[in-house]
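*Asks:* Sequence and predicted structure below; questions after.
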Amino acid sequence: TIPMPPPNVTGKLHMGHAMFVTLQDVMARYARMAGKQTLWLPGTDHAGIATQNVVEKQLEAEGSSRAALGREAFEARVWQWKEQYGGFITGQLRRLGASCDWCRQRFTLDAGLSDAVAEAFVQLADKGLVYRGAYMVNWSPRLGTAVSDLEVEYSEEPGHLYFFKYPLADSDSGEYLPVATTRPETILGDTAVAVNPADERFRAFVGRRVTVPMSGGRTVPVIADDYVDMEFGTGALKITPGHDPNDYEIGKRVGLETINIMNKDGSLNEAAGAYAGLDRFDARQRLWQDMEAAGLVIKKESYSTRVPRSQRGGEVVEPLVSEQWFVRMAPLAEPALAAVADGSIKIMPERFEKIYNMWLENIKDWCVSRQLWWGHRIPVWYVHSSQADADAAEEGRSDRYVVARSAAEAADKAAAQWGPGLVLMQEPDVLDTWFSSGLWPFSTLGWPNTTAADLKQFYPTQVLETGHDILFFWVARMIMMGIGLTGQAPFHTVYLHGLVRDDKGRKMSKSLGNVVDPLDVLAQYGTDALRFTMATGTTAGQDLNLSLDRVNSNRNFTNKLWNAGKFILFQLEGVSDEEWQQLSAADFSSSDSWQGLSLSDKWVLSSLHQLVDQVTSCQERFDFNEAGQALYSWAWGEFADWYVEASKARMYSVNSSSVSSAEDTAGGGAASSDCQAAGITRG
């Protein structure tokens, strides 16, 4: 069993798809040829953020919005979009020749998988692994949702380092601490200034208070902390627990207040005082101008900074403290680590085991809630004493809640705990898309119904093939969820392929203009040429530098195979059904069956048997590159260039003799058999 990584329903075919389709197709076809019952299970992912973003852009172009439609109508609109466009990516996968079991195709929001998601959440909650709390998250203002650490990409971008004065609150002589920051707007949320305890320059300032610039006189303490890098900026660090993950940890450690100065749309809130209502970047400029006018500016320098951007939307992500739903990961990570350590799961190439272990050993709790409408709505119902209380509650939430598989079960649980006459409101947030993807190997086979025929027959699956870039996003989570919910590792082998880069080794991107569209390659060179390039261009875990010259070379190889096949089929044009059956039953596995064969026939069969042994060995250890190279060498050199050419000489010689005989008998009897007429010789 091979579970196909479900591409996003919004997806368009790219070279990563071409890679996984090729390798998984090779695995599936080999298993079928070996006589194994084989399931290659396809499907698509609902892609919560990406799909909602697409439909919201459509609504914006129409002069409407998600809020204007309302939740129910918006969800209906997204389903309409999915039915119209959601099949594009699977159609493109078919063009790549994917021989998966298309009749079993699944979608992460179909009824069965939605039931599995609810069951998984309930089971995790019953184990005490689900909680709601206020923690630092990555917030995407344009998307209006939290995104996971793994969905944030950092890029080096030109910016500025702003140096300014932090006035001592108890000084009448204008004393100040010099501080530097890359985000001046967050000054308004500062709750301390930290210096390194070993820094003699600032030792005398520790314990005193400084006045937050442009805050109306609010003061904060100067503290000592080993985290501070004495070489960065001035050596004095502003601490903003509400808007920086490192500052958040410092704040928790020393008990600092957390001030949130930002609204969910990226504008500043009332805590920012005179700057409330300004966009965060506009506030940066306005605040700096006001600080200049107040004489608090030291200087501004050009500075390259690591900017966190949403992988989905591309905008700058804002760290802020928000109420979210989390899953405790440490208890799930422990058996997942053990499964790799004891060999129950093998990761190929082996070097990725260290990366896997490092991530799981330092894993943080998983923020699973997303402020979206498209997705699996979190199966939590808040309990209110009356409809008036429910209407007055922000987004319908309360301190009392139940976790349940359905609204009916939630009502029963709530009544059992708090009595009758209650009003329940379901949590408006949806689950992270990766939550449902983490259940993919078993939810698609019928779980949580443990008696489901497919689940009993095909789970655990055997091989998970995917890109090494989603080892954390998907693979580790499937292992944790699989063991945690089914008691079994979801697969025994993880084969990780590399990224497909351009011919210079650069990552393909629109900004570089080096993206190669697989559909264009298929149209110019053919599907087989691209697939053979993918299969033979790299080894497990290694990135592939895609050269179209090599694709063209492999097209020549596929043409060679095509021409050899045409030659063989041409020679068999006159073969009867009975003779076809005899040919298909031919067995040259024993030496006795070689009696009467020509020397060239014996030679090619001998080399073919060696090739079969070599390719089988390569397939069993997932060495597709070596298998492909061996096939290339044999098919082109030994079979096409040598054996087929030798066969042509023999066959043309037979045909020539037949023609001469016919002329000598002046139109006498026809050739002795259909096989001879077709140019086929026996023995």
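*Replies:* Good, I have the coordinates.
*Asks:* Show me where the stretch 451-600 of the chain has its strands.
*Replies:* For the stretch 451-600 of the chain, the strands defined by DSSP state E, counting those that start in this stretch cover 463-467, 493-497, 500-501, 544-545.
*Asks:* Tell me where the stretch 51-200 of the chain has strands.
*Replies:* Using DSSP E, counting those that start in this stretch, the strands of the stretch 51-200 of the chain run over 106-107, 130-140, 145-147, 152-167, 176-181, 192-195.
*Asks:* List just the one of the ones you listed that sits closest to Gln462.
*Replies:* When the strands of the stretch 51-200 of the chain are compared by Cβ to Cβ, strand 106-107 sits nearest Gln462, at 18.3 Å. Backbone N, C-alpha and C define where each C-beta goes, glycine included.
*Asks:* ok, the residue most central in space within the chain - contacts?
*Replies:* Centroid-nearest residue in the chain: Ile470, 4.7 Å away (criterion: Cα atoms, centre = their mean). Residues near Ile470 by Cβ atoms under 8 Å, 6 or more residues apart in numbering: Pro5.
*Asks:* Tell me where the model's unsure across the stretch 201-350 of the chain.
*Replies:* Within the stretch 201-350 of the chain, no range satisfies pLDDT under 70.
*Asks:* any idea how far the residue nearest to the centre of the chain lies from Phe121?
*Replies:* Shown here: Ile470 relative to Phe121, a distance of 22 Å by Cβ to Cβ, to the nearest Å.
*Asks:* related to what we said a few turns ago, make CSV out of the strands of the stretch 51-200 of the chain and add distance to Pro441 and mean neighbour count.
*Replies:* As requested, the strands of the stretch 51-200 of the chain are exported to CSV (distance: least, Cβ to Cβ, whole Å; neighbours: other Cβ atoms under 10 Å):
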stretch, distance to Pro441, mean neighbour count
strand 106-107, 11, 19
strand 130-140, 22, 18
strand 145-147, 25, 24
strand 152-167, 27, 16
strand 176-181, 46, 20
strand 192-195, 47, 23
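*Asks:* Let's have those in a markdown table, adding distance to Ile259 and mean pLDDT.
*Replies:* Formatted as a markdown table, the strands of the stretch 51-200 of the chain follow (distance: least, Cβ to Cβ, whole Å; pLDDT from 0 to 100):
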| stretch | distance to Ile259 | mean pLDDT |
| --- | --- | --- |
| strand 106-107 | 43 | 97 |
| strand 130-140 | 13 | 93 |
| strand 145-147 | 19 | 90 |
| strand 152-167 | 16 | 94 |
| strand 176-181 | 16 | 96 |
| strand 192-195 | 11 | 97 |
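*Asks:* Out of those strands, which is closest to Met480?
*Replies:* Of all those, the one in closest proximity to Met480, counting by Cβ to Cβ, is strand 130-140 (14.1 Å).
*Asks:* re earlier: determine which of the strands of the stretch 51-200 of the chain approaches Gly217 most closely.
*Replies:* Ranking these by proximity to Gly217 (Cβ to Cβ) places strand 152-167 first, at 10.4 Å.
*Asks:* by how many degrees do the closest one and strand 130-140 diverge?
*Replies:* Relative orientation of strand 152-167 versus strand 130-140 (axes from the mean of the first three to the mean of the last three Cα atoms, to 10 degrees): 80 degrees.
*Asks:* Against which helices or strands is strand 152-167 packed?
*Replies:* Contacts defined by 3 or more Cβ pairs under 8 Å, 6 or more residues apart in numbering; DSSP states H and E place strand 152-167 against strand 176-181, strand 209-211, strand 297-310.
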